[in-house]
Each structure stands twice: as C-alpha cells, then as structure tokens.
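**Q** structural data only, the sequence is not supplied:
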C-alpha cells in the first residue's frame, strides 16, 4: 500500500512514522518544512485537564499514555518530559480551580493540593510563589514536549523505516475508484492508494478542492480565536522543571536555558498582519509578569515573540477518519496536536492499513458534519483561566 501524507507537522509526521513501521510505502509532503507551521508555535503541554467532553477526555488520556510508550521506542535525545504541572490560584481563581480539581479527581485523573514549599521544590530553581497565591494544585501525570526535537525525531525514525520526505505545496487532491492523486504547485503529480490530509489550518481549503467540507475556524485577523502568542525568554537564574499555570502567565521549559511564556489574555491584542515588537508593550508586559515570579529578578529578560495560528475544527473536537464510506482520503486535524499526535498517528495508521475502525475515534469522524447541519462554532478559545489553552 502506498500512502501520501500531506503535512509534516506533528500529526502528519506521527502518522507517517506509524505507517512506515507498519510496512506501508509512505510519501510525506510539506509545503515549507517539517514542523515549521503550527507545531513550531505551540505551548506543547500534554494534558487532559480541561476536556469536558468525556470522549475527548478519554482520547487525550490515551494520548498522554501513548507519549510514555513512544518515548521508550524513539532513538536519540528525549523530547517528552513527564514533569507534572502546577496551577496556582489567587482569590479570583481559587473557586474555579477547586471545582476543576474536584471534577478531575472524580474521573480518577491525578490531581491534588500541595503546599507552597512543595510547589517551590517541584517548580525548580529561581521561581517563587507570590504572596497573592492562595491555593496550588499539582497534576503529576502531565508534562511537556520540545516540539522541534519531537518532530525531527519522529521524521528521522519514519525515514529509517522507509518513509520518503519531500517538500512541495499540494494544490489539489483527487480520488478515483482505484487511486488518489495529489498535484503539487510545481506540476508534479503523485499517485497512491490512500492520502492523509494532515494540513492543520490549511485543511478546509485543500479538502474543499476535493469536494469535502471540513468546517474549521479560518479567521486569522486581530484577536481571532486561532491566533496565539508565545514568548521565549532566557534568564540565567531560572531553572524551571515543570509546566506552571499562574494568574496572568503560563510557563514551560524550552531547552537550552529558555522558558516559554504564554499570557492568554494578551492574544486578543495580537494581529498577525502587524506582529508585536520585541521592544513593544506586549513584550514588556510578559517581562514584567515574569519578573514577579522570580526570586531574583535581576535584569529584565529579553523576550523573543512567536505568533501561532491554531488548527481549530469548528466544534473544537478532533477530526479523524475517512470523509465517506468509500473515500481514499483520511482527514486528521485537531487543536490538541501535541498531546494527541502519538495516539492519533498510531490509530490512523492502523485504520488505514487494516480497514478496521477503532472505537476511540468513533465520535470524531469527519462524517459527523454531513449528517447534521454545520456545528456551532465554539468560542472558548480565548479562555484566560488557569489551565485553559
């Protein structure tokens, strides 16, 4: 079986690797380079803390478990860190956090309260818990990924199992009774038995060209739900060891002494057409918020900024599966790409190579959009509470 995987973000590379391991002939295509799209601009926190839908919660739990298994299989330096995560609440957030911890504990999701001293030891060197913090929750099963390293490691392993990787912009997908063809912008045409559409925010446009309707949020203007901002800071006295969610600022280690910063309330002020400057108000706000968490603030850290454009299905949930009963095009798109990449890659590859459906993906089929009217667009992507992304 020959499978053409379009999109070499974290999802596409994961499914390509699993397909190659299963013995398929895999061609992996990307228009600009593996892991350079949304996968390069993600907070990369592995969790199922705020997945209220039970099916989506179970899928994310499976993703977390799959990360641990995959880490034992991949060669090279570690890119997955089951560090745990902390959420610090002030009076404005403590009731919300308490309700979420209670909900998660009722689902047997590891979550418990810890003291300030315990939080300081878990968090790492150079970080203090501000006096305004009144409660702290620890989520020991959560963690983070180094996305660039993760994608490159998956790609190298896919190639070692025979996958072929090439750059080229797919402009059309056509399927017939015996094959599917992918046409590139340079005129080259590739033919395969199956195609996997793992193109993130470009999915709607490419799918439409094949007569497939994949409802997604496509607005990328100022303050759109798909727009997110990350800061990358280096501070010599900060030795962060886990994911932190504090009022006003989220943090995770980024490797090489850097820390990733995220302030969800600032996303509404970000315009991709006019990116914020590293010496502008948004960068200064991030730096000030970081200083309040440091035991020895010292010099204001320099912060590099990256704008990310999220892949957001219209109803907020993963899309995984063939577009019709007899289709040769398998669609794979999700907002929780980092958490779900290992499990979606394995399950999608299994479904493609065996034609056997997996129950874990039953409620996430793209066919759900053809049996009902278009789903109501979810608006919960500008959330600013602890643990929301």
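**A** Now that the structure is in, tell me what you want to look at. This one's a predicted model, so the numbers in the text were calculated from it and none came from an experiment.
**Q** and the helix or strand hosting residue 332, what does it pack against?
**A** Using DSSP states H and E, the element containing residue 332 is strand 329-333. Counting contacts by 3 or more C-beta pairs under 8 Å, 6 or more residues apart in numbering; DSSP states H and E, strand 329-333 is packed against helix 10-21, strand 194-197, helix 203-209, strand 319-322, helix 337-354. In short, each C-beta sits where N, CA and C put it, glycine included.
**Q** okay, those, which one's buried deepest?
**A** Comparing these on average neighbours per residue, with mean count of other C-beta atoms under 10 Å, the densest one is helix 10-21 at a mean of 29.
**Q** buried set for the next helix or strand after it?
**A** Downstream of helix 10-21, the next assigned helix or strand under DSSP H and E is strand 25-30. Residues of strand 25-30 classed as buried: 26-30 (neighbour count, 16 or more other C-beta atoms under 10 Å).
**Q** next structured bit after strand 25-30?
**A** Next helix or strand after strand 25-30 toward the C-terminus (DSSP H and E): strand 45-46.
**Q** show me what that next one packs onto, helices and strands only.
**A** Contacts defined by 3+ C-beta pairs under 8 Å, 6+ apart place strand 45-46 against helix 54-71, strand 143-145, helix 337-354.
**Q** mind checking which of these is nearest residue 258?
**A** Set against residue 258 and scored by C-beta to C-beta, the helices and strands packed on strand 45-46 come closest in strand 143-145, at 12.6 Å.
**Q** which residues touch that closest one?
**A** By C-beta atoms under 8 Å, 6 or more residues apart in numbering, the residues outside strand 143-145 that reach it are 44-46, 64, 67, 79-85, 242-243, 252-253, 338.
**Q** selecting buried members of these in ChimeraX, what would you type?
**A** To isolate the buried members of the contacts of strand 143-145 in ChimeraX, using 16+ other C-beta under 10 Å:
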select :44,45,46,64,67,79,80,81,83,84,85,242,243,252,253,338
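**Q** returning to what we had before: residues in contact with the strand holding residue 332?
**A** Here strand 329-333 makes contact (C-beta under 8 Å, 6+ apart) with 11-12, 15, 173, 175, 180, 194-200, 203, 207, 210, 212, 214, 216, 311, 313, 318-323, 344, 348, 351-352, 366.
**Q** how far out from the middle of the chain is it?
**A** Distance, stretch centre to chain centre, for strand 329-333: 16 Å (C-alpha atoms, centre = their mean, to the nearest Å).
**Q** mean confidence for it?
**A** When pLDDT is averaged over strand 329-333, the result is 96.
**Q** swap in stretch 148-164?
**A** In this model, stretch 148-164 has a mean pLDDT of 97.
**Q** so which bits of it are buried?
**A** Residues of stretch 148-164 classed as buried by neighbour count (16+ other C-beta under 10 Å): 148-159, 161, 163.
**Q** can you name the residues in contact with that stretch?
**A** Residues from elsewhere that reach stretch 148-164 (C-beta under 8 Å, 6+ apart): 8-10, 13-14, 16-17, 19-21, 25-28, 34-35, 39-40, 74-77, 79-80, 165, 255, 338, 341.
**Q** quick one: the helices in the stretch 101-250 of the chain?
**A** Listed in chain order, the helices of the stretch 101-250 of the chain (DSSP state H, counting those that start in this stretch) span 116-123, 147-160, 203-209.
**Q** can you lay out those helices as a markdown table showing distance to residue 131?
**A** Output for the helices of the stretch 101-250 of the chain, formatted as a markdown table (distance: least, C-beta to C-beta, whole Å):
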| stretch | distance to residue 131 |
| --- | --- |
| helix 116-123 | 10 |
| helix 147-160 | 34 |
| helix 203-209 | 46 |
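**Q** do you know which of the ones you listed lies nearest residue 225?
**A** When these are compared by C-beta to C-beta, helix 203-209 sits nearest residue 225, at 14.7 Å.
**Q** would you say residue 5 is within a helix?
**A** No. Counting by DSSP: H, G, I helix; E, B strand; the rest coil, residue 5 is not part of a helix but strand.
**Q** quick check: the gap between it and residue 50.
**A** As for residue 5, its distance to residue 50 is 30 Å (criterion: C-beta to C-beta, to the nearest Å).
**Q** when those two are compared, which one has more neighbours?
**A** The residue with more neighbours, out of residue 5 and residue 50, is residue 5; 37 against 18, by other C-beta atoms under 10 Å.
**Q** what's the pLDDT at that one?
**A** The predicted structure lists residue 5 with a pLDDT of 98.
**Q** what sits against the residue nearest to residue 144 when sequence neighbours are not counted?
**A** Among residues not flanking residue 144 along the chain, residue 252 sits closest, at 4.7 Å (C-beta to C-beta, 6 or more residues apart in numbering). Neighbouring residues of residue 252 by C-beta under 8 Å, 6+ apart: 43-45, 144, 240, 242-244, 259-260.
**Q** residue 277 against residue 283, yeah?
**A** Yes. Taking contacts as C-beta atoms under 8 Å, residue 277 lies within contact range of residue 283: 6.9 Å.
**Q** need the residues touching each of the two.
**A** Listed as contacting both residue 277 and residue 283 by C-beta under 8 Å, 6+ apart are residue 305.
**Q** the two: who's more crowded?
**A** Counted by other C-beta under 10 Å, residue 277 and residue 283 do not tie: residue 283 has more neighbours, with 22 against 11.
**Q** nearest residue to the more buried one in space, please, no chain neighbours.
**A** Looking at residue 283 with C-beta to C-beta, 6+ apart, the closest residue is residue 303, at 5.0 Å.
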